[in-house]
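Novice: Mind looking at a prediction? Sequence and model below.
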Amino acid sequence: MKKENIISVLEGVTDPEIPVLSIADLGILRDVEISGNEIIVTITPTYSGCPAMDAIQQDIRKALSINGYEKVKINQVLSPPWTSDWLSAAGKEKLEAFGIAAPSTSHSCAAGGTGSDSPDHCPHCHSKNIEMISRFGSTSCKALYRCLECREPFDYFKCH
């Protein structure tokens, strides 16, 4: 039983709300430990009470079981709290290609950082001429924006 193999399996588990992102891309996969014949997976939700966490835990168990790992413990930790700084660079690119604006890589969103709470540009046409429609988008971790050039609405993955 190798940690690298287990992580490779878990990199195939996607977020049920944003299926182009793996739990590794999203940064909620915090750690994998092996204790005897048990695998201990540590995850952090994007926010406390995230409704996707139950589905993610089921998907983790299913993916590991399919690959022969039966004894699995999942720890859900809230501290330190998840920050959008934990999104991988590949994850941010996947969000953009999916039509969701990601937090800027030029700002830190972590506590004490100078993170911007608005997108840099439209993920569809890349115009900077955008406006907020609603503080909440399709999920609580996103806000809804509209591009004033191409007129397309888009979600913005909020900085937090």
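Specialist: Okay, I see it.
Novice: Pull the contacting residues for the residue positioned nearest the centre of the chain.
Specialist: The residue lying closest to the centre of the chain (Cα atoms, centre = their mean) is Leu26, at 2.7 Å. The contact partners of Leu26, by Cβ atoms under 8 Å, 6 or more residues apart in numbering, come to Asp15, Ile18, Thr46, Trp86, Leu87, Gly91. Using the backbone N, CA and C atoms, a C-beta is placed for each residue, glycine as well.
Novice: what do you get if the cut-off is 10 Å, keeping everything else the same?
Specialist: 13-15, 17-18, 43-44, 46, 52, 56, 82, 84, 86-88, 91, 94-95, 141, 157 (Cβ atoms under 10 Å, 6 or more residues apart in numbering).
Novice: for the chain, what spans make up the helices?
Specialist: With DSSP state H as the criterion, the chain has helices at 3-10, 23-26, 52-66, 89-98.
Novice: right, and the ones you listed - which one's nearest Arg146?
Specialist: Closest approach to Arg146 among the helices of the chain (Cβ to Cβ): helix 89-98, 16.7 Å.
Novice: Please put the alpha-carbon coordinates of the closest one into CSV.
Specialist: Extracted as CSV, the C-alpha positions of helix 89-98 are listed here (Å, rounded to 0.1, in the frame of the first residue of the first chain):
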residue,chain,number,x,y,z
ALA,A,89,-3.0,26.4,-10.6
ALA,A,90,-4.5,23.6,-12.8
GLY,A,91,-7.7,23.9,-10.9
LYS,A,92,-7.9,27.6,-11.6
GLU,A,93,-7.3,26.9,-15.3
LYS,A,94,-10.0,24.3,-15.3
LEU,A,95,-12.5,26.7,-13.7
GLU,A,96,-11.8,29.3,-16.3
ALA,A,97,-12.2,26.8,-19.1
PHE,A,98,-15.5,25.7,-17.5
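Novice: So which bits of it are buried?
Specialist: By neighbour count with 16 or more other Cβ atoms under 10 Å, helix 89-98 contains the buried residues Gly91, Lys92, Lys94, Leu95, Glu96.
Novice: tell me the contacts of Glu131?
Specialist: Ser118, Tyr145, Arg146, Cys147, Leu148.
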